[in-house]
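Peer 1: please find the sequence and the predicted model below.
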Amino acid sequence: MSNDKPRQIGLLIGREWSWPSAFITEVNRRDEGVVAEFIKLGGTFMDGPCPYAVIIDRMSHEIPYYRTYLKYAALQGVYVVNNPFMASADDKFFGIALSNKLDIRTPRTVALPNKRVETENVPESFRNLVYPMDWQGIIDYVGVPAVLKDIHTGGRRLAHRVHNVDELIRWYDESDTLTLVLQEVIDSDIHVHCFVVGQEKVLLVQYQREENSYLAEKPELDEELSDRLTRAALMVTRAYDYDINMIEFVIHNGRGYLINPTNPAPELDINLLTASHFGWCVNEIATFAIQMALHPRPQFNNADWHKAVVAATTVT
């Protein structure tokens, strides 16, 4: 190893413990001229230095200042995982619409106007909205049962099953400032989560929803279906320019349906994942982060988004 100062990988994290600690240990153990550490921030100056070659973001979806810092870091040439400029495009409705455009099978989904907004407003603020909404038409399009859920990605946020117009309106009236989507329920006991790292590596894991756990065994999928899920996961992840992503599928009558297109900060906990899956996530993310610290590739911004969607369709 040369005597040059090691390149740094910084982690932005929240309450998690097992994966960050294991990741830092793994990166530092490899002794490849790259070290990893937790980031400490105390305000960002507009012309201040950013010491990191790579930053892995696990928390800016909850702390807005972190997103501001990450965009500044990207401006300084830092490789940010995941691309902070794509956050504005990351919601469940857009992701489903994007997946549909990429010819990936998805449940029927409708985005609903906000019941209320946080800022003061007068009735004229909503004059572009149809009132009353065609609730029956929305139900007829999606079908029942359906799930009414928060449009934001990641984690297990608000979700309610609805079976008729009255239930839909009741839950909608209680939504306050949330933006919601209504989505067709694809009944299935087979849930497959695809973990994607570096827009190249994909791990398919069967998820047990009732137990909130993963099976150690590989999902019992035929080769063609497994390839379809892998290809779909790569297309969506590349379209978002994400280097860490988790995509959820359900299998119904031998067909895979993409139900959640993005989770850029999936839960990577040793108590949730099996030891094998946890080790895969630690090692693959460490390998990718070290590669980007030593040989970074360009990251696109929102202006390049359409090119990324076109490129995503060329997944082989």
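Peer 2: Sure thing, it's come through.
Peer 1: which neighbouring elements make contact with the helix or strand that E224 is a member of?
Peer 2: Assigned by DSSP states H and E, E224 belongs to helix 223-239. Applying 3 or more C-beta pairs under 8 Å, 6 or more residues apart in numbering; DSSP states H and E, one finds that helix 223-239 contacts helix 92-101, strand 190-197, strand 201-208, strand 244-252, strand 255-260, helix 305-312. Heads up, the C-betas are built off the backbone N, CA and C, glycines and all.
Peer 1: rounded mean pLDDT for it, please.
Peer 2: Taken as a whole, helix 223-239 has an average pLDDT of 96.
Peer 1: CA atoms of that helix as PDB?
Peer 2: C-alpha atoms of helix 223-239 as PDB (Å, rounded to 0.1, in the frame of the first residue of the first chain):
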ATOM      1  CA  GLU A 223     -35.200 -19.600 -13.800                       C
ATOM      2  CA  GLU A 224     -37.300 -17.500 -16.300                       C
ATOM      3  CA  LEU A 225     -39.200 -15.700 -13.500                       C
ATOM      4  CA  SER A 226     -36.000 -15.200 -11.400                       C
ATOM      5  CA  ASP A 227     -34.400 -13.600 -14.500                       C
ATOM      6  CA  ARG A 228     -37.400 -11.400 -15.000                       C
ATOM      7  CA  LEU A 229     -37.300 -10.100 -11.400                       C
ATOM      8  CA  THR A 230     -33.600  -9.500 -11.600                       C
ATOM      9  CA  ARG A 231     -33.900  -7.600 -14.900                       C
ATOM     10  CA  ALA A 232     -36.800  -5.500 -13.600                       C
ATOM     11  CA  ALA A 233     -34.900  -4.700 -10.400                       C
ATOM     12  CA  LEU A 234     -31.900  -3.500 -12.400                       C
ATOM     13  CA  MET A 235     -33.900  -1.500 -14.800                       C
ATOM     14  CA  VAL A 236     -35.700   0.500 -12.100                       C
ATOM     15  CA  THR A 237     -32.600   0.900 -10.000                       C
ATOM     16  CA  ARG A 238     -30.500   2.200 -12.900                       C
ATOM     17  CA  ALA A 239     -33.300   4.600 -14.000                       C
END
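Peer 1: quick one, it and strand 244-252 angle?
Peer 2: Angle of helix 223-239 versus strand 244-252, following axes from the mean of the first three to the mean of the last three C-alpha atoms, to 10 degrees, is 140 degrees.
Peer 1: and the strands in this structure, which stretches?
Peer 2: 7-12, 34-38, 54-57, 79-81, 109-112, 146-150, 159-162, 180-184, 190-197, 201-208, 213-214, 244-252, 255-260 (DSSP state E).
Peer 1: what's the most buried one of the ones you listed?
Peer 2: strand 54-57 (a mean of 26; mean count of other C-beta atoms under 10 Å).
Peer 1: helices or strands up against that strand?
Peer 2: strand 7-12, helix 64-75, strand 79-81, helix 275-294.
Peer 1: of the ones you listed, which is nearest E26?
Peer 2: Closest to E26 of these is helix 275-294 (C-beta to C-beta; 4.4 Å).
Peer 1: what's that closest one in contact with?
Peer 2: Residues from elsewhere that reach helix 275-294 (C-beta atoms under 8 Å, 6 or more residues apart in numbering): 7-9, 18-19, 22-23, 26-27, 30, 32-34, 36, 53-54, 56, 79, 81, 195, 197-198, 201, 203, 205, 214, 216, 243-244, 268-270, 273.
Peer 1: stretch 127-135 too?
Peer 2: Residues from elsewhere that reach stretch 127-135 (C-beta under 8 Å, 6+ apart): L112, P113, V165, L168, I169.
Peer 1: which residues touch the fourth one?
Peer 2: What it means is L168. Counting by C-beta under 8 Å, 6+ apart, L168 has contacts W135, I138, I139, A146, L148, V162, L182.
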